[in-house]
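Peer 1: Give me a 3D structure for the following:
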Amino acid sequence: MNDQTPNFSGLNILHTMLRVRDLEKTLDFYTRVLGMDLLRRIDFEDARFTLAFVGYQDLAKGNHIEFTHNWDHAEPYQHGDAFGHIALAVPDVYGFCAWLAGQDVDITRPPGPMKHGGPVIAFIRDPDGYAIELVQLDTE
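Peer 2: Numbering: from 1, shown residues only. A predicted model of the protein is given here:
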């Protein structure tokens with residue numbers, strides 16, 4: 001048995017995977033509405049699924065979202081009660097939510113300070129119902 005602590009310096013979070021029902025609708029939301037880039041898309045025709053990666057930086061740096069679209073899955077996925085949300089840093093949560101409202105985005109918690117102190121936040125839902133927290137980080 002090796003009791004030595006490994007070197008963690010090369011580790012990085014690469015992506016979080018979400019299953020989605022309508023890939024094109026999801027990609028439109030994350031690229032057009034949230035401004036992410038479509039970084040890679042791979043169709044696996046024999047297995048009848050597609051993987052698509054989105055984010056704000058190149059794939060090598062990590063911190064992306066991977067969408068898995070199973071072509072023959074027609075029903076909405078069950079989210080369970082363990083998954084919480086995806087969090088995005090937003091320079092102006094109030095202004096961004098005003099724009100999102102014009103895009104018919106479901107804003108489930110309007111922008112405002114956290115109840116017990118902390119940053120200004122808001123919550124929205126993507127086309128599959130996944131929660132996204134918008135956090136205004138102080139840049140001062």
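Peer 1: Closest to the centroid, which residue in this protein?
Peer 2: For the chain, I86 is the residue whose C-alpha lies nearest the centre (Cα atoms, centre = their mean; 4.9 Å).
Peer 1: What separation is there between that residue and R48?
Peer 2: 26 Å (Cβ to Cβ, to the nearest Å). Any C-beta I mention is one placed from the backbone N, CA and C, and that applies to glycine too.
Peer 1: so where's this protein shaky on pLDDT?
Peer 2: Counting by pLDDT under 70, the chain has low-confidence residues at 1-2, 139-140.
Peer 1: how about the helices in it?
Peer 2: 23-28, 93-102 (DSSP state H).
Peer 1: quick one: which of those is nearest G129?
Peer 2: For the helices of the chain, the distance to G129 is smallest for helix 23-28, at 11.1 Å, taking Cβ to Cβ.
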